[in-house]
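> Sequence unavailable; structure follows:
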Ligand code: 6GU
């Protein structure tokens, strides 16, 4: 999968994809993330990318022209399956959405800033608008990092069997069960006996029961959702 990200803060996106699972995905050639500095497409001597809102009001608005130039240059290189704008008023990211996006080949992500982008960008270029939750971030960069992480780890071959995404919380609309590792006892705090039993049928039954209990207690809304 190829993901291009357009941002006014490229430095903010330098580190998130250079560690752990996403690093390995890129080394294996399963994922390529390219960050593009919108400032390079800015207008005039100051490479301006934002301006005052028509009609007045607080905050700046990202201008249509630098974004159009940048997007059109990128679109000349590849055909995007989705042009995604990260914005708090987008559709809330969830696991089914991440699963669906992980099946795509080429994604373009536009990070919003200031008061957002000129509406004409959304009307004429953007195919999908995504939020990562009901709270406001100062820009779309961290949201883009979250989205790329959620998608990147799902790409075939990125996770080994032992870390398979099939067992993630949310993947079957259940939260994940508790996990333990050595030692068997720490300050008198014991690992549940069943996990040491070697009886895989019992272990599976216990994990299912725990996942269901945890979901009932913490996120009953997940149990009520339709398939
Ligand atoms: Cl995508 N952007 C911003 N600025 N804030 C957010 C968000 C995105 N998702 C949740 N809050």
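Yep, it's here. Please read all numbers here as calculations on a predicted model, not as lab measurements.

> From the chain's centroid, how far away is stretch 191-203?
Put simply, stretch 191-203 sits 35 Å off its chain's centre (CA atoms, centre = their mean, to the nearest Å).

> Kindly apply the preceding question to stretch 114-123 instead.
The answer for stretch 114-123 is 21 Å, by CA atoms, centre = their mean.

> Endpoint to endpoint, stretch 49-65 covers what distance?
8 Å (CA to CA, to the nearest Å).

> Does stretch 97-106 reach the ligand?
No. Stretch 97-106 lies out of reach of the ligand by CB under 6 Å from any ligand atom, never closer than 12.6 Å. The way it works is simple: take the backbone N, C-alpha and C, and place the C-beta from them, glycine included.

> for whichever helix in the chain runs longest, packing partners?
In the chain, assigned by DSSP state H, the helix with the most residues is helix 200-218. Under the contact definition 3 or more CB pairs under 8 Å, 6 or more residues apart in numbering; DSSP states H and E, helix 200-218 sits against helix 220-224.

> For the helix it packs on, which residues meet the burial criterion?
Judged by neighbour count (16 or more other CB atoms under 10 Å), helix 220-224 contains no buried residues.

> Next: stretch 145-160.
Residues of stretch 145-160 classed as buried: 145-155, 158-159 (neighbour count, 16+ other CB under 10 Å).

> among those, which are in helices?
Among those, the members falling in helices (DSSP H) are 145, 146, 147, 148, 149, 150, 151, 152.

> Please produce JSON lines containing those, extended by pLDDT and distance to the ligand.
Converted to JSON lines, these look like this (pLDDT from 0 to 100; distance: CB to the nearest ligand atom, whole Å):
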{"residue": "145", "pLDDT": "98", "distance to the ligand": "10"}
{"residue": "146", "pLDDT": "98", "distance to the ligand": "8"}
{"residue": "147", "pLDDT": "98", "distance to the ligand": "8"}
{"residue": "148", "pLDDT": "98", "distance to the ligand": "12"}
{"residue": "149", "pLDDT": "97", "distance to the ligand": "14"}
{"residue": "150", "pLDDT": "97", "distance to the ligand": "13"}
{"residue": "151", "pLDDT": "97", "distance to the ligand": "14"}
{"residue": "152", "pLDDT": "96", "distance to the ligand": "17"}
